[in-house]
Every structure is written in C-alpha cells, then in structure tokens.
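Engineer: Sequence first, then the predicted structure:
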Amino acid sequence: MRFMIMVKASKDSEAGVMPDEKLLAAMGKFNEELVKAGVMLAGEGLHPSSKGARVRFSGAKRTVIDGPFAETKELVAGFWIWQVKSMDEATEWLKRAPFEDTEVEIRQVFEPDDFGPALTPALKEQDERLRAQTAAKKNR
C-alpha cells in the first residue's frame, strides 16, 4: 500500500521562512530511517503558495488563479510518498517525525486494482506503460 503524507503549511512556510539547521538535520535523519526501511518512495518540500497557481475548471472554461492563497491551514507545505503494509504502519512511522506544532495528513494512494472493472485491460496496460516510462525517466 502506498500513502501520501501531507505536511500542512504554516504562517512561516507561507512566508518563505526556511527551516533551521537543527530541524533540517532531524528531518534528514528521519528520512534516512525511512529510506533504510524501504518505506520512502519520494518526499519534497513545496514553495509557498505565493509562487503557485490554481486552475479552476467550470465546464469548458479554465480560469487561472495566482497565489498566494488564504486559509494556510488548508495548504500543503511538503509531502512524502511511503510504501507500507497498512495505515497503522504509516501512522506509527509518522509519529516518529521530528515535528512539534503542526498537523500532518495521511491518505492512501489508489492502486490500479482499486478501480475494479472500470479499469479495462487496455486501460490497465496503458497505466503500466506510463508507469514504466515515468520510472525510466526518473532513473536517467
């Protein structure tokens, strides 16, 4: 099972305040534990929403909305993708993260089989081909 772990934004992260050396070192140590255990597939921090944009879809109309965005508590400042056996295992790993005053969300990532019969053999083949192409580009 794969899970996305989303670190919520804060006033500091939205203001572009970078973490200090102590937090970076602690996070580096935690990430090393995740990698050594074969849990971490990806993980990145995100720039503030002031450097972002949203695209609103309404029928055929597309509207681009430039950041920053209100409601900091609803924004994501960083993420991991983990592969673990269960939500319980993801939760146990997350409890070990070097955070103090924040909230972090865990969401399971859909796997192809989760889509049932709607994912036809042709669509499944396409998905597998695209994943292989993505992995090949990543390994360059």
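Structural biologist: Everything's here; your move.

Engineer: Give me the pLDDT for the residue positioned nearest the centre of the chain.
Structural biologist: Closest to where the C-alpha atoms of the chain average out (Cα atoms, centre = their mean) is F79, at 3.4 Å. Listed pLDDT for F79 reads 97.

Engineer: surely it meets A9?
Structural biologist: No: the criterion here is Cβ atoms under 8 Å, and F79 misses it with A9 at 11.5 Å. All C-beta spots, glycine's among them, are computed from the backbone N, C-alpha and C.

Engineer: Tell me where this protein has strands.
Structural biologist: Counting by DSSP state E, residue ranges of the strands within the chain are 2-8, 40-45, 53-58, 61-66, 76-83, 104-108.

Engineer: ok, which stretches of the protein are helices?
Structural biologist: 11-14, 21-36, 87-95, 121-138 (DSSP state H).

Engineer: what does the longest one rub up against?
Structural biologist: I take that to be helix 121-138. If you take Cβ atoms under 8 Å, 6 or more residues apart in numbering as the criterion, helix 121-138 is touched by 112, 119.
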